[in-house]
Every structure is written in C-alpha cells, then in structure tokens.
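[1] Pasting the sequence and the predicted model now:
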Amino acid sequence: MSTSTKGAGAVAAAFGASVLASAGLAIVYIAGGSPPIEGALLLVALGGIGAGLVLWAKRFLPVGDDVQEREPLPSTPDERARASDSFGAGADLVARRRLLVRLAAAALGALGIAALFPIRSLGRAPGGALFHTRWRAGVRAVDASGTPVQAASITTGTVVTVFPEGHVGAADSQTLLIGLGPGVYRPVAGREDWAPEGVVGYSKICTHVGCPVGLYQPSEHLLFCPCHQSAFDVLAGARPVAGPAARPLPQLPLTIDAAGYVVARGDFPEPVGPGFWDRGRD
Amino acid sequence: MTDAARGGARGSRSERERAGVSLPGREEPPFQDRIGAWLDERLHLSRFARQALDKVFPDHWSFMFGEIALYSFVVLVLTGVFLAFFFEPSLTPTTYEGPYEPLRGLEMSDAYASTLRLSFEVRAGLVMRQTHHWAALVFIGSIVVHLCRVFFTGAFRRPREINWVIGVTMLLLALLNGFTGYSLPDDLLSGTGLRIMYSVILSVPLLGPWAAFLLFGGEFPAEQILGRLFVLHIFLVPVILGALLGAHLALVWHQKHTQFPEPGHTEANVVGSRLWPTYALKSVGLFFLVAAVLTGLGGLVQINPVWLYGPFDPSQVTSPAQPDWYLGWLEGALRLFPNWEIRAFGFEIPEPFFPAVLVPGITFAVLYAWPFLERLMTKDQAEHHLLDRPRDRPVRTAFGAGTLTFYASLFAAASNDLVAHWFELDIETVTWFFRVLVLVLPPAVALLTFLVCRALRDAGDVRLTHLPLSSVWRPRARSTHR
C-alpha cells in the first residue's frame, strides 16, 4: 500500500536521523565537546526516537477506538460488612487487654516525643546573636581587603563598605561609611556626635529582607536596596522613604582616633537587618 | 473484568491474534516461552499482564501536561545524578585556578568552584547542568498547566480528591526543590535568594528566630546550610516526590482516567487507546520528545551562567535580581506589599511575613481545600468521570481565571525595576501601578470570564468567536437542547 510505505518512510527517517546524531555525539565528545553542538545533536538523537515512535503510533496503530467498562469504585455493602467484621473481630481481641493498650499507646507517644529532641541539635539557640554584631567601642573600621580606613579618605559623596577590624566579611557587621561633607548631617536626637567630620555609618543590611543596600545616589542622599527597591534617606537617620522596608538602617556610632582612622564607639544601638518576633526585647 | 464487559474491544484483539503475536526471533509467543513461564509460575503474572496491556487510556492533548511533568522529572533525576558526582556541597574557601580567566585567583567556596569545573572542565558537564535547570523550569511549568487543566475541567471532583491533594503536595515540593537547587552553586544571585529566604523564615511570629537558626544552623550565612540544602535537594525531597508520583500514577491507574463528554463516552466507560501498543509507543515517544527539547535547550540556550555573577559575598548583590520564574509571584508580592509592620506588647510581626508567608500559606490552603470547598458550595456529592467544559461552570472558571490573573500580576510586578528602566519611569510610579493592577485586574477578569462563560453555556454549542456580543451582557434562558 502506497500510503503506508510513505508513512513508514518518515518513521524510518526519524530513527535514521537519530542513529546519525548519536554517532555525531560520540565524535563530538571524543573531539573535546562543544555544548551547542551537543545540544543540537541531542535534540536530533532523542527527538528522532520520539518523533519516530509517535508517528508510528499515529500511522500504523489503532488510536482512540477501544472501549472499556469502568467498574464501580465503592465496594458492595456485603464486602464492607465483611471487612468491618474482620477488623472488628481482631480489635475486640486486642481491646480486651485495656491496660496493655494504654501502656502501648503511652510508650509510642513517649518515644515520639523523645525523638523530637535531636531537632534541637540542628542549630544554635538564637539567643543574643540577632541583637549584636562584631562592632565594639574602639574597633577600627577596615575595608574589604582589611585595610583600616582613614576618615580623610571618605570625601563628600564617597561610599565604602567596612567591617570591624579582624572580622572582614562578617555578614551581620557590614557597614556603609558615607562622606556627607561638612554641615549636611541632620542627626537624630542623641546622635549629634556619631558622624565626625561628616562621615556617617549605617548598617548595610536592608531592614526588609536583608539584601545589601548597595546603591547610593549622592545628589539626593538616598540609599537604594536593589532587591526590592526600598530607599533610605541618609540625611535623616536612614529613614525608609520608599519601598517595603519599614525601619531605618541602624546607625553605627563613629569617632576618629588620633591617627585619623575611623573607629566605632560601640555596637549598633539596635538589631541590624530584617525584623523578627522579639526584636523589641532587651 | 468479565469478558462480556469487554465486548467492544474483542474484535480488534482477535484480529491481531489471527495475524500472529509472536515477536521476531522467538520460537514461542511471550508469556508462554521459557522466561515468561518461569516468571508466571512464580508471580502469577499473566492475568495482570493481560489487564495491563489491554488497559484503555483516553486521548486528549490536554492530558499530556501531567506526562510532560513526569518525563521532566525523569530528566531531572538522570541529569541530577550526573551533576551530583561532581558537585561539592561545601563552603570551604578555595582559590580558583581553572580555565575561566576572569575569575582566576579569586577566593570562592568549593561549591562555586566545583560548579565552574562542571561548566568548563567536565566534558558534557555544561549541557547536563543547563539541561537540569531547563528541566526544572519545565517540570514546574507543566505541573502548573496540568493543575489548571484538572481545575478547569473539574477532574478533581469525587472520586479524585485524594489525587488532587497528592498533586498539590508535589507542586509544593517541586517549588521547594527548585529553590534549594538554584541555591546550591553559591554564586552571588543564589546567595541573595538564600538570604531572602532566611529573612522570610525569621519573620514568622514566635517561631521565626528558632526556625531560621535550626534550619540554617545559626545566624546567616551559617556554614551548615549548603550541606543541608544538598541533602534536601538530592535526597529527601526527590524521594518523597518519587513516592508521591508513584501514588499519583497508581491512583490514575486504579480509578481510570477521566474523559471529555463526547458521543459514546459515558460515566461508566473509558474510550481511548490500549496501553499496548498504541499508548505505550505514544507515551514513550513523548518522553523522548520532552528529553529532546530539554537537552536541546540545555545545549543551545544559556541558562543561569553563574560564572557571570561571581562567588557569593554577603556584602554584595547583583542588580537586577530576579528568581526563577516559579518564585516570581512571591518576589512580586515582596516588592508590592506596603511597609506595614505590626508592633504590640513588645513583639512585632515584620513586614515580609504578610507577602512571603501569609500569601503562599493562603494560596496552598485554598488549593488543598478546593475540592471540598466546591462540594460545600455545589452540594454535588456524585461521582464524576466525564469532565466539565470550562464554559459550563462559569463560577469555577471565573474564580480560576481571576486567581491566575492575580498571580500573573504579582509575577509581572517582580520586574518592577526592569519595567521602570525600560519605560524610563519612576520606580515608585511603577510599584503603585502594579499595586492597583494586582487588586483591580483579577476581579475584572473574573467578571468578564463569568459573563462570557455564562453566555457560551446558554448559547449551546457555539464557538467563542461566534458569540454575539449582546448575549454576554444580557443573560438568556438556558437553551433546552443541551
């Protein structure tokens, strides 16, 4: 029959292409590999088999003309009654020993509770970790390479990511030093002397979900979080002015030591980063 | 099954028997040759084999999405095993000395370095890695489309509620495994995602800090987390997924597949193709086609080029940063939700709790409960094997369309920074636009869907494009010939 020969030709071509592509894959592999060529050959090698099988089914096999009855899903009342009797008879035998049943339940329950305890081994207690960073009074600010930062190098418009000396890379301690220039700093009450020579320090961890607040726009004195577009007003205590962040970036109290280096006067006054249930606890 | 009940199918079988059923190169037919007889004597195989080979599966293009998900999972397991042979789930610092020039001499974790080695030095490694990632995207995509098919055609109704619950659980696990998977390479983008996940867990009232510390092993970024993600990603979640997959398929087998109402299709029969040979060839063919597309994408279309992002550094971030598509709705919710925090009695519920815990919590609660909610509303207790046409259920279809619009709007909002950039708009303006969109568009789409479905239902067998516009706004009496 001419039509069936034609159909068989397409199926044969698909399988044949697959054989050639697989041989090609071996050659490409031996020759050192190339992702795009491997991808194209895999497409043909696998696609040839797939197309061949589907065409085969569509052209030469009976499609969609078979009928089968569905058996009813619910059991007959009689079957249910017999299952229920089988269970009930056994349950009666077991339940006769009431004390043993209760003790067995108690034993399993107690074991279940005891098995929960190892969950505690998974990690440290939150304790004070969320409330403190590595900053201490008198600790110098160093940049990512560990070099102490001179206050004079933080000129107007400059932004540097700093860490407490000896803890470069400490995620919770990352801080932005921003040069505001003289006379621009509008301190929050009680923080009048936290930004010596116009150098102000804010936690770099967004108070929304903790991305590094990496973008600074000097003209408007705004810090942006690139993850969810929160913006913080650097001149007004890093108050959030846009986006989903609800709290200001905590400010690091700074001073300048005799050698001109930027030094912390203590830890952040509040927990850094995203909020949590008992953040208000002291 | 009685022979009388099989009546309709017997003719074609006996024709095949007359044509001779022995396989080429074999003296005796299968199940009667030495191996077949040996197995049958020990396993009582013949009766089950005959039932299985003769089992009828209905044909419809929309039934393929579940199969595509299944075959994507197979590709994920195969490529994943290859990747696991090379990947090192460790944050131990190392200095990169490999062939990728821009990163040479840089300090990075073993995890990131081994991912680079897989990409540049292991032959066929990059194709495997990229195929794995593409397969994950297609896996979750086909699950979602499959879920939509089941939802809009009412396939979840009695007796298939259990399989709906299993399916929703698999979607949840697939999302989890997608996230743990792209967090493993320890590149800058994945580290940022992990940081966000930590903060979201931290935001849960009362339990948050403990849950975050136990899961991560301590304050972010804790050393233990990568090894734990690895165990979750390559062992725990896939094993549970595999078990649920088996249960899902076993239930489809046991309860038999649903079918669309057509002449000859009844609640009491299944019309379609037999497992052997038609359905087997078509389905195995589909596996190879799915694998072909995924490996083709894996070789030809770059995905997640981690070498461009650089190693993770908690004080750096890539911009713009978007997650894989299936987490876009959560990312959008995080970007849109206003900066409301609840503080009272010395405790607080942080802002991320609402968009990133409550929104997915409600989403999955409604998904799980849907078959039971709908039964409460419709009082429909009956068994259903014939599917609904979406137009015949205007309320359900409208609810589904509105819900999908809601998540699509959230998904679009996850690119608010890119939209602002492309259209040179202020980011605040774009965010407010999406906030309004997310609240206004879903009810509008739901209402329109309801009106159109009602008109189509009442008009009888009419195509959407032939529907007179006036009938959408004015309900008519339902035509009686339906």
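    Received, thanks.

[2] Need phi/psi at the residue in the stretch 301-450 of chain B that chain A sits nearest to.
    Closest residue of the stretch 301-450 of chain B to chain A, C-beta to the nearest C-beta: B:P350 (3.0 Å). No exception for glycine: its C-beta is placed from N, CA and C like everyone else's. Per-residue torsions, B:P350: phi -70, psi 160 (degrees, to the nearest 10).

[3] mind checking the backbone torsions on the residue lying closest to it once chain neighbours are set aside?
    Once flanking residues are discounted, B:P350 sits nearest to A:G275: 3.0 Å by C-beta to C-beta, 6 or more residues apart in numbering or on different chains. Here is the backbone geometry of A:G275 (degrees, to the nearest 10): phi -80, psi 160.

[4] Equivalent analysis for A:E69, please.
    Per degrees, to the nearest 10, the backbone of A:E69 is at phi -80, psi 150.

[5] same deal with A:R134?
    Torsion angles, degrees, to the nearest 10, at A:R134: phi -80, psi 0.

[6] Run through the residues that contact the closest residue to A:A17 other than its chain neighbours.
    Excluding its sequence neighbours, the residue lying closest to A:A17 (C-beta to C-beta, 6+ apart) is A:G48, at 4.4 Å. Listed by C-beta atoms under 8 Å, 6 or more residues apart in numbering or on different chains, the contact set of A:G48 reads A:14-19, A:21.

[7] 6 Å instead, please
    A:14, A:17-18 (C-beta atoms under 6 Å, 6 or more residues apart in numbering or on different chains).

[8] Sort out for me which of those residues are in strands.
    For the contacts of A:G48, not one is inside strands, with DSSP state E as the criterion.

[9] Could you provide those in TSV, with additional columns for pLDDT, neighbour count and distance to A:I154?
    Formatted as TSV, these follow (pLDDT from 0 to 100; neighbours: other C-beta atoms under 10 Å in any protein chain shown; distance: C-beta to C-beta, whole Å):
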residue	pLDDT	neighbour count	distance to A:I154
A:A14	97	21	68
A:A17	98	17	66
A:S18	98	22	65
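
[10] And those residues, which is closest to chain B?
    Once C-beta to the nearest C-beta is applied, the member of those that ends up nearest chain B is A:S18, at 8.6 Å.

[11] Run a quick check on that closest one versus A:A51, I expect a contact.
    No - assessed by C-beta atoms under 6 Å, A:S18 is found out of contact with A:A51, at 8.6 Å.

[12] who touches both of these two?
    Joint contacts of A:S18 and A:A51 (C-beta under 6 Å, 6+ apart) do not exist.

[13] thinking again about what came up before, burial measure for the residue nearest to B:P350, as a count.
    25 (other C-beta atoms under 10 Å in any protein chain shown).

[14] do A:G157 as well
    14.

[15] What of B:L418?
    B:L418: 12 neighbours (other C-beta under 10 Å).

[16] Please name the nearest non-neighbouring residue to it.
    Using C-beta to C-beta, 6+ apart, the nearest residue to B:L418 is B:P320, at 5.7 Å.

[17] For that neighbour, give me phi and psi.
    Torsion angles, degrees, to the nearest 10, at B:P320: phi -80, psi 150.

[18] Determine the next helix or strand in the C-terminal direction from the worst-scoring helix or strand of chain B on mean pLDDT.
    Of all helical and strand segments in chain B, the minimum by mean pLDDT, DSSP states H and E falls on helix B:7-19, at a mean of 45. Downstream of helix B:7-19, the next assigned helix or strand under DSSP states H and E is helix B:34-43.

[19] what's next to that next one, contact-wise?
    B:30, B:45-46.

[20] Let's see that with 7 Å instead.
    Helix B:34-43 is contacted from outside by B:30-31, B:45-46, using C-beta atoms under 7 Å, 6 or more residues apart in numbering or on different chains.
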